[in-house]
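Trainee: Fold the following.
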Amino acid sequence: MDHAWNARLRNRGAIYAKHILQNIPHAKIAILSQNDDFGRDYVTGFKRGLGNEAKAAIVAEEKYETSAPTISSQLATLKASGANVLFGVTIGKFTSQLIKGVAELGWKPDAFFVPASASSISFLEPAGLENAIGLISSSNQKDTIDPQWAGDAGVSDFLEFMKKYLPGADLNNSNYSAGYHYAGLLTRVLQACGKDLSRENIMRQAASLREIALPLLLPGITVTTGHEDYLPFQQSQLRRFNGKSWIGFGDILDDR
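Mentor: Just a heads-up that it's a prediction; the model follows:
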């Protein structure tokens, strides 16, 4: 199920598949996903992106229930498949379990993708940052606790906002920066409405955004909407974790 603020899950899944096809010849892929609409949509898009290569490339696939205490058995099965690429569509504690579990198994896949919930370094810390080195994810937003953005004007403004209005808040909680980020876009829409705050005009302006650069968007990423496509964030960049920061690589990817 798609989230109104994010790119379509199926499109995001396809982005990773295309990266694998272009950069990892003869990939043997293992997939771990959450057994719900979220996981299914991501995996559907991933398989669509692989196209005719999907059947041969995917050597193992496991799912987990959100009520499960651990994913240990699934990881053992996936490792035993001989896969050299791991695509883990996990959320919250299961991301930490995935990263730590792979390390404990001594499994070193050539590429390890955690697309769904590695938006902030805070998600990696419970698993041990050393175990997350080499992880590949994607994002459109700056991680406000990532050292590489220290001194960035947009991040500095956010931190000043938090200091003023929410002193003592846990800045490792990325929901704060996400809410601030989304509120900034809504503010732009309302400003464009002028004195006409009718539903019709709000919708009109929301569908008329053109290359809006927000303070917490990654460089090169902008917001554009249309009357046939209201999703504001449809660009992202692949990035790799180096033990301290997420380092972007490659071109800006567009889900449209």
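
Trainee: going forward, measure contacts and count neighbours with C-alpha atoms only.
Mentor: OK.

Trainee: Can you get me the start-to-end distance on stretch 224-240?
Mentor: Terminal residues of stretch 224-240 are spaced 26 Å apart (C-alpha to C-alpha, to the nearest Å).

Trainee: swap that for stretch 207-224, please
Mentor: 8 Å.

Trainee: Can you give the distance from the helix or strand in which Q237 is found to the centre of its chain?
Mentor: For Q237, the host element (DSSP states H and E) is strand 235-241. Chain-centre distance of strand 235-241: 8 Å, with C-alpha atoms, centre = their mean, to the nearest Å.

Trainee: So the residue of the chain most remote from its centre versus I202, what's the distance?
Mentor: Using C-alpha atoms, centre = their mean, the residue of the chain lying farthest from its centre is K195. It sits 36.3 Å away. Separation of K195 from I202 (C-alpha to C-alpha): 11 Å.

Trainee: ok, back up a step: sheet partners, orientation included, of the next helix-or-strand element following the strand holding Q237?
Mentor: Note on strand 235-241: by DSSP H and E, the next helix or strand toward the C-terminus is strand 246-248. Applying DSSP bridges to the sheet, strand 246-248 is found paired with strand 235-241 (antiparallel).

Trainee: which residues touch the least confident helix or strand in the chain by mean pLDDT?
Mentor: Using mean pLDDT, DSSP states H and E, the weakest-scoring helix or strand in the chain turns out to be strand 253-254, at a mean of 79. Contacts to strand 253-254, defined as C-alpha atoms under 8 Å, 6 or more residues apart in numbering, come from residues I15, Q234, Q235, S236, Q237.

Trainee: Most neighbours among these, which one?
Mentor: S236 (25 neighbours; other C-alpha atoms under 10 Å).

Trainee: Bridging across strands, which residues link to it?
Mentor: L253.

Trainee: Please list all residues in contact with it.
Mentor: For S236, the contacting residues are S138, S139, N140, I221, I252, L253, D254, by C-alpha under 8 Å, 6+ apart.

Trainee: Who wins on neighbours among these?
Mentor: Using other C-alpha under 10 Å as the neighbour test, those are led by S138, with 26 neighbours.

Trainee: next structured bit after the helix or strand harbouring that one?
Mentor: Using DSSP H and E, S138 falls within strand 136-139. Using DSSP H and E, the helix or strand that follows strand 136-139 in sequence is helix 153-165.
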